[in-house]
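1. I need the structure of the sequence given here:
(one chain, ligands or ions: 1)
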Amino acid sequence: MTPVIYKTGMTKLDLFNAVAMRIPEICRLWGIPVPVMHPQPHPQHNRRYGTGGTLFGLYYGNKIWVNVAESSKPVVKRGRAWSFPGNKTDRTASGILFHEFGHHVSACKHMNTQEWRDICKREHVTGYEPVPEEALAETLRVFSSNPELLRLACPKRYAYVTKFVQPWHSATWRQVLQNAPDFIVDNAAKWAKQSDSLQTHNKPLFLKGKTTMTNNETKIKVLSKDHDKTRGKGLALDTLLRCKTVAAFRASLAKKEMGHYVAWALRVAQRDKLVKLEA
Ligand SMILES: [Zn+2]
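-> Reported below is the predicted structural model:
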């Protein structure tokens with residue numbers, strides 16, 4: 001299945017539907033009944049819901065209500081709002097639906113255990129954490145929309161969730177957030193404790209056995225712009241030579257999904273004395 005990736009022009013209802021149309025298949029995969037999903041508030045609870053979580057959704061008895069009209073729009077500019085489909089913070093219609101679906105999964109799989117209550121004291125997703133059931137719904141929201149992001153940011157939570165269900169898509173977190181504004185991606189990277197795909201495996205990058213690249217502050221000093229592009233992967237080297245810091249270089253490469261060339265480009269550039277890295 002393809003992940004839900006926001007595209008410019010999608011309406012709130014489009015976002016709801018994008019998730020709703022995938023949920024039956026996800027339920028089949030996870031061996032749980034398909035909930036009934038309503039894209040409007042519950043008729044008897046037509047104001048803000050007090051269920052913690054998103055304030056704009058409700059779940060009980062196999063039924064989900066999402067107040068699509070009152071849901072957040074994906075953010076465009078940096079400000080106080082951080083909601084974006086697949087992001088850590090997501091009160092868009094897709095995020096609310098995935099949150100409420102999280103309650104459904106939690107109920108069907110009996111996931112709110114003592115083990116969970118111990119885990120959720122240690123790793124945090126959002127501000128609804130004092131209530132373990134809400135922490136679970138928020139965790140399952142991130143797991144459902146952007147599993148890699150949860151795996152990197154909250155490995156213990158991810159390990160717990162995957163005892164019950166498996167990711168239903170294999171996109172990277174950057175692919176899920178490919179149309180998000182830069183500040184959202186940067187913030188997600190920070191949360192995921194990585195500045196590029198290299199750190200996905202939590203391994204420091206060793207360059208010629210000397211430089212350990214775990215520090216985003218490391219500066220790139222360009223020594224020479226003369227390099228042979230015919231060796232291929234010229235883009236990685238070009239990008240490296242344009243950037244002032246390793247973090248900027250990694251971010252730039254990752255956007256072009258060339259993160260796996262990072263180690264290569266750095267190694268070659270150092271070997272050929274094109275750049276010097278300074279802590
Ligand atoms: Zn909730």
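
2. can you give me the strands in this structure?
-> 36-38, 57-60, 63-66, 205-207, 211-213, 219-222, 275-278 (DSSP state E).

3. okay, now the sheet partners of the third one, with direction.
-> Applying DSSP bridges, strand 63-66 is found paired with strand 36-38 (parallel), strand 57-60 (antiparallel).

4. residues of the stretch 101-250 of the chain that sit close to the ion?
-> 134, 137 (Cβ under 5 Å from the ion). Yep, even glycine has a C-beta here, placed from its N, CA and C like the rest.

5. quick one, helices of the stretch 101-250 of the chain?
-> Ranges of helices in the stretch 101-250 of the chain, per DSSP state H, counting those that start in this stretch, are 114-119, 132-145, 147-153, 155-161, 173-176, 182-191, 234-242, 246-255.

6. just the strands paired with strand 63-66: most buried one?
-> Mean neighbour count (mean count of other Cβ atoms under 10 Å) peaks for strand 57-60 among the strands paired with strand 63-66, with a mean of 22.

7. contacts for that strand?
-> Outside strand 57-60, the residues within contact range by Cβ atoms under 8 Å, 6 or more residues apart in numbering are 35, 41-42, 45, 49, 51, 64-67, 96-97, 99-101, 103-104.

8. how about it against the ion, any contact?
-> No - using Cβ under 5 Å from the ion, strand 57-60 stays clear of the ion, coming no nearer than 6.6 Å.

9. now do that strand: distance to the chain's middle.
-> Its chain's C-alpha centre and that of strand 57-60 lie 24 Å apart, by Cα atoms, centre = their mean, to the nearest Å.

10. stretch 111-119 too?
-> 23 Å.

11. and the strands paired with strand 63-66, which one's lowest on average pLDDT?
-> Among those, strand 57-60 carries the lowest mean pLDDT, at a mean of 89.

12. what about dumping the CA coordinates of that one to CSV?
-> Extracted C-alpha coordinates of strand 57-60, given in CSV (Å, rounded to 0.1, in the frame of the first residue of the first chain):
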residue,chain,number,x,y,z
GLY,A,57,-12.3,13.2,17.2
LEU,A,58,-14.3,10.5,19.0
TYR,A,59,-14.1,6.8,19.2
TYR,A,60,-16.3,4.3,20.9
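
13. count of neighbours near K273?
-> 11 (other Cβ atoms under 10 Å).

14. would you check that it makes contact with K221?
-> No - assessed by Cβ atoms under 8 Å, K273 is found out of contact with K221, at 10.9 Å.

15. distance from stretch 84-104 to the middle of the chain?
-> Relative to the mean C-alpha coordinate of its chain, stretch 84-104 is positioned 12 Å out (Cα atoms, centre = their mean).

16. cool, and stretch 80-87?
-> Chain-centre distance of stretch 80-87: 10 Å, with Cα atoms, centre = their mean.

17. ends of it, what's the gap?
-> 15 Å (Cα to Cα, to the nearest Å).

18. what's the mean pLDDT across it?
-> Stretch 80-87 shows a mean pLDDT of 93.

19. ok, and for it, which residues are buried?
-> For stretch 80-87, burial by neighbour count (16 or more other Cβ atoms under 10 Å) applies to 82-87.

20. residues in contact with it?
-> Contacts of stretch 80-87 (Cβ under 8 Å, 6+ apart): 3-6, 15, 72-75, 88-92, 94-95, 145-146, 149, 173, 176-177, 180-181, 184, 187-188.

21. tell me the domain boundaries of the chain?
-> 12-191, 197-278 (automatic domain parsing).

22. could you say which of those is packed most deeply?
-> Across those, averaging neighbours per residue (mean count of other Cβ under 10 Å) puts domain 12-191 on top, at a mean of 19.

23. could you give the separation of that one from the chain centroid?
-> The answer for domain 12-191 is 11 Å, by Cα atoms, centre = their mean.
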